[in-house]
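1. Here is a sequence together with a model predicted from it:
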Amino acid sequence: MKALVTGAAGGIGSAVAEAFENGGHGVLRQDLRAPADGPEDFVVGNLADDDVLAELSRRVETEQIDCVVAAHGVAGAVDLRSISAEQTRFVMTANTVSVLKLYEAVAPVLRERSGAFVVVASQAGLVGEANNGVYCASKFALVGWARAQARADAGAAPRLRLLCPGATETRLLVDAFQGMADSAGTSYEEALGAREAAIPGGRLGRPVELGAAAVWLAGLTTSSCIVAAVTGGEVLH
Amino acid sequence: MQTDATPCYAVSDDTTGAGLRLVTVQLEPPREPADRDHLMTQGVVDVVSHLVQATEDTSRPVVVDVRFGDGHDGVPPLEGFVEAARGLVQSYVLERQQGIGPVNVVVSRASQDHDRQLTWDYLAGATGSFSRGATYDLREVTS
């Protein structure tokens, strides 16, 4: 298997890419910026840019890639009365529209190869969260879209999978908790402590655990749209 | 009534005779990818705006009334939008707690007048207010 991983400079995306490599699979990485100590073969660019999508589509086709993991995303933790129209459009574009466009760009080739398309959504795509409404909407939309797309494809590849991480130790989470704390008038530490207390597993998730889940999902051959809630038990699905 | 309309969705406000505030979103399949992208971005902006405005009057329950043209459900981006509305309302109910009245989502096909009205009557009634943040999808199951 060879995988394209978007958002590969991020906390979960980089762990997903490493997990594929550790499993003996090839990986092509993409993100807005390449990490300073990252691999040379890194597609740098914005998925909102049609030229970047065309480049990824071409490389998926020519490099025998048979799995795409959409692991990119942005935070949007602002209460619904305060969030601006501009920020709402930005979050929905970055988290939702870009995934739909990526799917359109790579699905024909993945279909020929019986490949997989794994969407890293969020537990915030399964249950709402106060002071995080537009982020939730962006992830809920992915869940609704993927399920309907799988039904529309009627069992044809690419196999769609949804990985819904719970609170995971990443920079994105720090930003999200800070935003939620600001909206709620509390501190980051209070927001983090309250969240950890609500997780039956007693701790945040680790990126390596999400990487393992992505590799597992990509390897499944069932045509069902699998939804994996990897949340430490905080959200049961 | 304020209406925000585009090729594949229209958002409008209304109040039923029973006093239920409606934020009605009428959905049609996107004809172009740009329509879909607009639905997923500006459509969410419009729902947030109408939702926040509708809940300013805390004496009336609010329903986000998502309607599909008959035969148009199952279209992936439209189903994604329904889930976005579900996520928005869940989040908003958790966010505002008792600072707003009941808010729910009702999803139906255009032809489902009976079930839609019955649901509105329940939600507008004195015994319907414990439904908060719910999504009631009234559409028939199809294969």
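-> Done, it's in. If you're wondering where the values come from, they're calculated on a predicted model, not measured in any experiment.
2. Just give me the neighbour total for B:G19.
-> Neighbourhood size, B:G19 [other Cβ atoms under 10 Å in any protein chain shown]: 12. In this view, the C-beta of every residue, glycine as well, is placed from N, C-alpha and C.
3. what's the burial count for the residue lying closest to it once chain neighbours are set aside?
-> Nearest non-adjacent residue to B:G19, counting by Cβ to Cβ, 6 or more residues apart in numbering or on different chains: B:R60, 5.3 Å away. As a burial measure, B:R60 scores 17 neighbours (other Cβ under 10 Å).
4. Relative to B:L123, how far out is B:R60?
-> Plainly put, B:R60 is 11 Å away from B:L123 if you go by Cβ to Cβ, to the nearest Å.
5. Quickly list what's touching both of the two.
-> Common contacts of B:R60 and B:L123 (Cβ atoms under 8 Å, 6 or more residues apart in numbering or on different chains): B:L20.
6. Would you map the helices across the chain?
-> Picking chain A for this. Secondary structure of chain A by DSSP state H: the helices cover A:11-22, A:50-62, A:85-92, A:98-112, A:133-153, A:171-184, A:188-197, A:207-219.
7. wait, chain B
-> So, for chain B - with DSSP H - the helices run B:33-54, B:76-96, B:113-124.
8. rewinding a little: please list all residues in contact with the residue nearest to B:G19.
-> Counted by Cβ under 8 Å, 6+ apart, B:R60 has contacts B:15, B:19-21, B:101.
9. Make a ChimeraX selection of the buried ones in these.
-> Those of those that count as buried under 16 or more other Cβ atoms under 10 Å in any protein chain shown are selected in ChimeraX with:
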select /B:20,21,101
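10. State the number of residues packed around the residue nearest to A:F90 when sequence neighbours are not counted.
-> Excluding its sequence neighbours, the residue lying closest to A:F90 (Cβ to Cβ, 6+ apart) is A:V74, at 7.2 Å. Neighbour count for A:V74, taken as other Cβ under 10 Å: 19.
11. Tell me how far A:V74 lies from A:S98.
-> According to Cβ to Cβ, A:V74 and A:S98 sit 10 Å apart.
12. residues from chain B in reach of chain A?
-> For chain B, the contact set with chain A under Cβ under 8 Å from any Cβ of the partner chain comprises B:33, B:36-37, B:40-42, B:44-45, B:48-49, B:51-52, B:74-95, B:133.
13. of the residues you listed, buried ones?
-> B:36-37, B:40-42, B:44-45, B:48-49, B:51-52, B:75-95, B:133.
14. A:V44 bridge partners, please.
-> Counting by DSSP bridges, A:V44 forms beta bridges with A:D31.
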